[in-house]
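Undergrad: return a 3D structure for these sequence lines:
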Amino acid sequence: MNSTMPGVVNFSPEPFSVELRDVPVPDIGESDVLLRVGAVSICGSDLHQWAGSHAWPVNYPCILGHEFAGTVARAGSRVCRFKEGDRVVSETAAVIDECSPLSRSGLYNLDPSRRGFGYGVDGAMTEYVRVPERCLHRIPGPLPFEQAALTEPCCVAYNAVCVNGRVRPGDAVLVLGPGPIGLLCAKMAKLSGAATVIVAGLPQDKFRLQVAREFAADVVLESGVLEYVSAISDGLGVDVAIDASGASATLQIALQAVRPAGQIIKVGWGPQPLQFSLDPLVQKNVTLSGSFSHNWPVWERVIAMIVSGQIDLRPVISRVAVLPEWTACFERMHSGEYVKAVLTP
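TA: Okay, here's the model as predicted:
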């Protein structure tokens with residue numbers, strides 16, 4: 001094994017301060033594994049850091065990538081559940097306070113001291129990554145690494161829709177934003193029994209909306225969301241609106257589109273101030289639920305869903321590329337030409 005390896009490094013908060021650099025192969029601790037990366041998926045948060053539009057602190061310089069799967073290359077002396085050669089996928093909470101009340105109740109994803117791969121510690125857009133054993137889940141069967149790497153965004157969507165959401169059979173669900181998380185939320189809503197799943201985007205989202213129709217959506221819209229919603233069923237709105245975009249205007253549309261006593265699930269990030277009144281939230285008696293990340297039982301369920309075929313991720317993988325092609329993949333995901341691009345270091 002070489003002492004250095006190529007890695008996609010975010011080295012500054014300035015826009016487009018990302019480049020392929022030689023980085024050291026990490027050392028591991030007693031409870032860590034050294035994971036040989038089989039595939040790492042590009043997330044919208046990677047794009048935000050690349051463009052300098054993120055709203056979270058980053059420990060510069062930092063190797064990007066938190067959606068990844070691979071093979072255990074070496075195990076620390078206290079690792080007991082995994083061995084060299086095991087095929088695994090990793091959670092994202094690289095650093096947590098295991099003694100905090102949140103961690104002890106299984107909600108380590110909400111621990112304020114949590115630091116994740118790709119911004120708090122080095123991530124997986126490279127050949128090897130250091131991973132604590134507690135983050136690992138076994139990949140059953142011959143599931144390809146490029147699909148296993150998408151377990152993480154599936155877990156984000158599952159946690160939003162199936163844990164923090166209350167989608168019921170027969171519901172009408174509106175998903176605002178046809179990015180990867182929006183499409184996966186649409187799939188989770190459909191699997192939860194929603195009768196009508198509407199995915200809305202912008203005219204420039206034509207390709208992603210086409211994938212949405214193939215993947216989970218009953219209806220896709222480039223415009224006229226409120227007009228469409230007012231014309232279906234009893235005209236009072238959708239049962240659940242999912243804001244997977246994060247823009248302030250999107251939350252306002254969700255508030256207008258949801259029916260009285262309905263629910264809005266906000267899973268998209270956006271640092272802009274609201275610039276509109278929340279009075280309709282009160283008047284309609286609407287529940288507004290935030291959803292962040294995921295935890296162990298969510299991962300176990302989602303892995304079972306992928307392996308069983310309940311979730312077929314192939315439609316959302318637009319490209320599988322080698323690591324030096326990261327720039328083209330970032331650019332095409334940013335422009336909406338790709339839904340998901342996956343790198344294979």
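Undergrad: state the helix or strand in which the residue nearest the centre of the chain lies.
TA: The residue lying closest to the centre of the chain (CA atoms, centre = their mean) is Pro153, at 3.0 Å. Using DSSP states H and E, the element containing Pro153 is helix 151-158.
Undergrad: Asp46 now?
TA: helix 44-51.
Undergrad: give me the helices and strands touching that helix, please.
TA: Other elements packing on helix 44-51 under the criterion 3 or more CB pairs under 8 Å, 6 or more residues apart in numbering; DSSP states H and E are helix 326-335. C-beta here means a position set from N, CA and C on the backbone, and glycine is covered the same way.
Undergrad: returning to what we had before: avg pLDDT for the helix or strand just after the helix holding Pro153?
TA: The first helix or strand that comes after helix 151-158 along the chain, using DSSP H and E, is strand 172-176. Confidence over strand 172-176, taken as the mean pLDDT, stands at 98.
Undergrad: now strand 172-176, how far from the centre of its chain.
TA: Distance of strand 172-176 from its chain centroid, counting by CA atoms, centre = their mean, to the nearest Å, is 18 Å.
Undergrad: the nearest residue to Glu300 once chain neighbours are set aside: how many residues sit nearby?
TA: When the adjacent residues along the chain are set aside, Glu300 lies closest to His137, with 6.9 Å between them (CB to CB, 6 or more residues apart in numbering). Counted by other CB atoms under 10 Å, the residues lying close to His137 total 18.
Undergrad: try the one 3 residues further on
TA: Applying other CB under 10 Å, we find 13 other residues in the vicinity of Pro140.
Undergrad: correct me, but it touches Val307?
TA: Yes: under the criterion of CB atoms under 8 Å, Pro140 is in contact with Val307, at a separation of 5.4 Å.
Undergrad: can you give me the strands in the stretch 151-300 of the chain?
TA: If you assign secondary structure with DSSP state E, counting those that start in this stretch, the strands in the stretch 151-300 of the chain sit at 172-176, 196-200, 219-221, 238-243, 258-266, 287-290.
Undergrad: chain center to the strand or helix carrying Ala304, what's the gap?
TA: For Ala304, the host element (DSSP H and E) is helix 296-308. Between the centre of helix 296-308 and the centre of its chain there are 15 Å (CA atoms, centre = their mean).
Undergrad: got the angle for it vs helix 151-158?
TA: Computed by axes from the mean of the first three to the mean of the last three CA atoms, to 10 degrees, the angle separating helix 296-308 from helix 151-158 equals 110 degrees.
Undergrad: which elements pack onto helix 296-308?
TA: On a contact count with 3+ CB pairs under 8 Å, 6+ apart, helix 296-308 meets strand 136-138, helix 151-158.
Undergrad: quick one: the helices in this structure?
TA: With DSSP state H applied, the chain shows helices at 44-51, 101-104, 145-148, 151-158, 180-191, 206-215, 225-231, 248-257, 279-283, 296-308, 326-335, listed in chain order.
Undergrad: with distance to Pro169 and mean pLDDT as new columns, can these be given to me in TSV?
TA: Converted to TSV, the helices of the chain look like this (distance: least, CB to CB, whole Å; pLDDT from 0 to 100):
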stretch	distance to Pro169	mean pLDDT
helix 44-51	30	95
helix 101-104	32	96
helix 145-148	28	98
helix 151-158	17	98
helix 180-191	11	98
helix 206-215	20	97
helix 225-231	20	97
helix 248-257	20	96
helix 279-283	26	97
helix 296-308	18	97
helix 326-335	34	97
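Undergrad: out of these, which gets nearest to Leu35?
TA: When these are ranked by distance to Leu35, counting by CB to CB, first place goes to helix 145-148 at 11.2 Å.
Undergrad: so which bits of stretch 151-161 are buried?
TA: Neighbour-count burial for stretch 151-161, counted by 16 or more other CB atoms under 10 Å, picks out Thr151, Glu152, Pro153, Cys154, Cys155, Val156, Ala157, Tyr158, Asn159, Ala160, Val161.
Undergrad: and what of stretch 50-67?
TA: By neighbour count with 16+ other CB under 10 Å, stretch 50-67 contains the buried residues Trp50, His54, Val58, Pro61, Cys62, Ile63, Leu64, Gly65, His66, Glu67.
Undergrad: thought the last one was touching Gly44?
TA: Okay, so that is Glu67. No: in this structure Glu67 lies outside contact range of Gly44 using CB under 8 Å: 10.5 Å.
Undergrad: can you pull the contacts of Cys62?
TA: Val9, Asn10, Gly118, Tyr119, Gly120, Val121, Asp122, Gly123 (CB atoms under 8 Å, 6 or more residues apart in numbering).
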